[in-house]
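Enquirer: give the three-dimensional model of this entry:
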Amino acid sequence: MNFEEIVGNNEVKEYLTNCLAEGNLAQTYLFVGTEGIGKSLIAKTFAKKILCLQEKQESDCHCKSCQCFEGGNHPDYYFINEKGETIKIEQIREITSKVIEQPIQSHKKVYIINDADKMTIEAQNCFLKTLEEPPEFAVIVLITANENAILNTIKSRCMTIKFEPIPKEELKKYATDKLGITQMTENLLKSFNGSIGKAIVQKEEQEKFLKIENIINNMEKQDIITFLNDAKVIYDKENINRILEYMMIGIYEKSLEDKRYMICIEKINHGMQHLKRNCNFDMTIDTMLLEMWECFQKGI
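Expert: Residues are numbered from 1 along each chain as shown. You can find the predicted model right below:
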């Protein structure tokens, strides 16, 4: 994988490329941006280039380091917290004990900590000393979608790099060309929120989201039986938050011209609040849908 193969954040890729070319690497980076916009992919590509043994790097380098990296067995590369779980102090202690060891194959060692905001406060405090005085051969990259959960004392020790959402046109091209999403509606594109990660997830639910759009567009015309029958697709407990968020995206534009849709958004918000309080799932969705339908029938 090379930077040119990664969609979006061209300024970030250019900046990191220049850092590599000039030998001007920081020792600690904080990659900040919403989920699914390529932070970890760029971090991994950056790590590969840092570890490369060729003085003049090529996009298809086959040096021993690059081969080991592509094979997933590079001795100087560590990717921590692949699954985005809580990072405890014991894990950080293990990192701090190993980070001082000399590189085995490359001139550098690279540590990437995914979802660094999942570090407990104790773990973050334990990491401070290492971030303050890392060995000269170590490069540490912290990745987060929740900068507020990172201690200021840690942020002050890092070079912060902000990642932007993928532009709509680039994301649309990726979704149609790479993901094979054929029915790209404006609402579906908006729901990606500039994130390839979200586009990948929602590709599997494309049919469901198109049905939701149909429900929204026909809500004013349908009788209650047809409406509730069509709305069965919404009764998906595992994905309900994403479904309700998508409904609000579809309803928002209509609400600018018809206040009844604004009331529907309020009903959805109420439903989400009740679900957060662990109210009965089916009863909450039943009530929400009935109140939305009644809003149109009563001409509110």
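Enquirer: list the buried ones in the host helix or strand of residue 254?
Expert: Element membership for residue 254 (DSSP states H and E) is helix 240-255. Using 16 or more other C-beta atoms under 10 Å as the test for burial, helix 240-255 gives 240, 242-244, 246-251, 254-255. (Glycine included, C-beta is placed from N, CA and C.)
Enquirer: please enumerate the helices of the stretch 51-200 of the chain.
Expert: 64-70, 89-98, 121-132, 152-155, 168-177, 186-191, 196-203 (DSSP state H, counting those that start in this stretch).
Enquirer: in CSV, list those along with distance to residue 142 and mean pLDDT.
Expert: Shown next, in CSV, are the helices of the stretch 51-200 of the chain (distance: least, C-beta to C-beta, whole Å; pLDDT from 0 to 100):
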stretch, distance to residue 142, mean pLDDT
helix 64-70, 20, 93
helix 89-98, 12, 93
helix 121-132, 9, 93
helix 152-155, 8, 95
helix 168-177, 25, 86
helix 186-191, 28, 81
helix 196-203, 18, 80
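Enquirer: columns distance to residue 291 on top of the ones you listed, output as TSV?
Expert: Below are these laid out as TSV (distance: least, C-beta to C-beta, whole Å):
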stretch	distance to residue 291
helix 64-70	55
helix 89-98	47
helix 121-132	42
helix 152-155	44
helix 168-177	33
helix 186-191	22
helix 196-203	27
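Enquirer: among those helices, which is nearest residue 210?
Expert: Of all the helices of the stretch 51-200 of the chain, helix 186-191 sits nearest to residue 210, with 7.8 Å by C-beta to C-beta.
Enquirer: in the protein, which ranges drop under the pLDDT threshold?
Expert: For the chain, applying pLDDT under 70 flags the ranges 298-300.
Enquirer: one more time with 80, if that's ok
Expert: Across the chain, the ranges flagged by pLDDT under 80 are 1, 55-60, 181-185, 187, 201-207, 253, 297-300.
Enquirer: may I have the biggest strand by length in it as PDB, with CA atoms only?
Expert: In the chain, assigned by DSSP state E, the strand with the most residues is strand 138-144. What follows is strand 138-144, C-alpha atoms only, in PDB (Å, rounded to 0.1, in the frame of the first residue of the first chain):
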ATOM      1  CA  ALA A 138      11.400   5.300  18.100                       C
ATOM      2  CA  VAL A 139       8.500   6.800  16.300                       C
ATOM      3  CA  ILE A 140       5.100   6.600  18.100                       C
ATOM      4  CA  VAL A 141       1.800   7.300  16.400                       C
ATOM      5  CA  LEU A 142      -1.400   7.700  18.400                       C
ATOM      6  CA  ILE A 143      -4.700   7.400  16.500                       C
ATOM      7  CA  THR A 144      -8.000   8.800  17.800                       C
END
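Enquirer: list of residues touching that strand?
Expert: Identification of contacts with strand 138-144 by C-beta atoms under 8 Å, 6 or more residues apart in numbering yields 25-32, 39-40, 43, 46-47, 50, 99, 108-117, 130-131, 134, 150, 154, 158.
Enquirer: ok and it relative to helix 121-132, angle-wise?
Expert: Using axes from the mean of the first three to the mean of the last three C-alpha atoms, to 10 degrees, the direction of strand 138-144 lies 140 degrees away from that of helix 121-132.
Enquirer: between strand 138-144 and helix 89-98, how many degrees?
Expert: 160 degrees.
Enquirer: parallel or antiparallel, which strands does strand 138-144 pair with?
Expert: According to DSSP bridges, strand 138-144 forms sheet pairs with strand 28-32 (parallel), strand 109-113 (parallel).
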